[in-house]
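Q: need a structure here:
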Amino acid sequence: MLSNYSRIWFFIVYVTIFPKIEKAIHYTHIHGRCMRNRTNEKVIDRIPRLNKNEIIRNTRDLLNLPTRPHYSKNDSWQIKRSASRYIYDVFKNTVDKNQAQSYNFTMQDLQTMEDSDIIMTYAGLYHNEGNIIWFDVSITPSIDYIIGAELHLYPNTLDKNFKILVFSIVSQRKNKKRLQFIESVTVNANYKGWIKVKITSILQYWLKHPKHNFGLHLSIVYTEDNFNERIDEIMELNTNSSEKNPFLVGYFVSSQIFDERLTAKSRWKRSEAYSTTNYLDNPYMYKDTSKRRVNAGSCRLQKFYVRFRNFDFDNYITAPEGYDAQYCSGECRFPLNAHMNATNHAIVQTLVHFLMPGRAPQACCAPRELAHLPVLYSRDGINYMLKKYRNMIIKSCGCH
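A: Numbers count the residues shown, from 1 in each chain. Here you go, the predicted model:
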């Protein structure tokens, strides 16, 4: 016999705990993006009502977008600086390689862009001494792996050959500087166009030791008479508006993305032998060889366009204005058609659900193949970042 005290405690526990346990048991079958109750009926997962600004802020943090910039995006973007023009051409090439561009990218340039997940341009800040150019690399996000870095220079057209000498300023005390030679570039007479100098190791050093970033020292030497001249005598160094200002380009891969690429590659190798099903040989797949219209209610890719302005993201993002995100929708009913791109697990689960509905829920329609989305933005309106956000665009759907 339970005492009155024990009965009271039992009643309290029953009233407070049992409804929560029952609710948890009620939502037992959760698979992918589907949620079903114990009677195998679809239910809607209720989420707390949040403030719109809070939702936007949380989403921005998840996407690692910068805070609201301290400049007018439209005004800044109208100023065609060399660094912004270059990164915008890179963006256009990433989106559509057939778009017209100001820069003639080489095959090596295109490969470097393809391998990079983050590309940044740093506008050159001219020093009044005449031969020093400094770059603010402190705005670089947390990066562990650098593919490459290039200094872009646009000298004026001259009627004689000359050589550009690039030095890194290792230390600077009062009026004394210690220089480290990086590279020299010979420019032929009447040459017109951009010159690129590799400075990968220098940018890597600046990122690891930001207090030792004293900039670059440039010297001009005429090859015929060995005469030195100030760099600003043959280059435009007006950082406010010139389309020919010197700038720095950095190509990066974050360590997390780099590791995930290796993991995905090894995972694909491990599963090559048995991960893909031959639909024609599978007895549980419906062999639809006719050209009739696919069942509208079955799993398929649906059109879905996201406009950044609707979420106030246009304050942070320079380009694009939006993108075709798409979404997956439809049923994964037995028998599965070949166009449903079903996984082996989904095939078995669908069969079990068909024969024994209470044992397993119906498979879910979910993304099967996703693509990255290049996003261009700036924190200060001078230095720009192009970041490829992975898994943002659905390319195909399947039953999972």
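Q: Mind splitting the protein into its structural domains?
A: 28-71+279-287+296-400, 118-253 (automatic domain parsing).
Q: Pick out the shakiest of these, pLDDT-wise.
A: Across these, the stretch with the lowest average pLDDT is domain 28-71+279-287+296-400; it has a mean of 75.
Q: hang on, residue 391 packs against residue 325?
A: No - contact criterion Cβ atoms under 8 Å: residue 391 and residue 325 do not qualify, at 10.7 Å. In short, each C-beta sits where N, CA and C put it, glycine included.
Q: Tell me how far residue 308 lies from residue 319.
A: 10 Å (Cβ to Cβ, to the nearest Å).
Q: same deal with residue 88?
A: 7 Å.
Q: tell me, what's touching those two both at once?
A: residue 376 (Cβ atoms under 8 Å, 6 or more residues apart in numbering).
Q: Looking at those two, which one has more neighbours?
A: Set residue 88 next to residue 319 and count neighbours by other Cβ atoms under 10 Å: residue 88 wins out with 21 against 18.
Q: Identify the residues contacting the strand or helix carrying that one?
A: Per DSSP states H and E, residue 88 falls inside helix 82-95. Outside helix 82-95, the residues that touch it by Cβ under 8 Å, 6+ apart are 77, 99, 101-103, 105, 110, 113, 119-124, 152, 154, 242-247, 249, 319-320, 374, 376, 378, 382-386, 388.
Q: So which of those residues belong to strands?
A: Under the assignment DSSP state E, those contribute 119-123, 152, 247, 249, 319, 374, 376, 378, 384-386, 388 to strands.
Q: For residue 249, give me its contacts.
A: Per Cβ under 8 Å, 6+ apart, neighbours of residue 249: 86, 87, 119, 120, 121, 122, 149, 150, 152.
Q: just curious, which of those is nearest to residue 191?
A: residue 152 (14.6 Å; Cβ to Cβ).
Q: check contacts around the closest one.
A: 82, 86, 194, 195, 196, 246, 247, 248, 249.
Q: Tell me where the stretch 201-350 of the chain has strands.
A: 216-222, 228-229, 247-253, 285-286, 300-302, 305-307, 317-319, 322-324, 327-329, 336-337 (DSSP state E, counting those that start in this stretch).
Q: deepest of the ones you listed, which one?
A: Most buried of the strands of the stretch 201-350 of the chain, by mean neighbour count (mean count of other Cβ atoms under 10 Å): strand 247-253, with a mean of 24.
Q: and it, which strands flank it?
A: strand 118-123 (antiparallel), strand 145-153 (antiparallel) (DSSP bridges).
Q: got the ones you listed as JSON lines, with distance to residue 350 columns?
A: Below are these laid out as JSON lines (distance: least, Cβ to Cβ, whole Å):
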{"stretch": "strand 118-123", "distance to residue 350": "41"}
{"stretch": "strand 145-153", "distance to residue 350": "42"}
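Q: quick one, which of those strands is packed in tightest?
A: strand 118-123 (a mean of 23).
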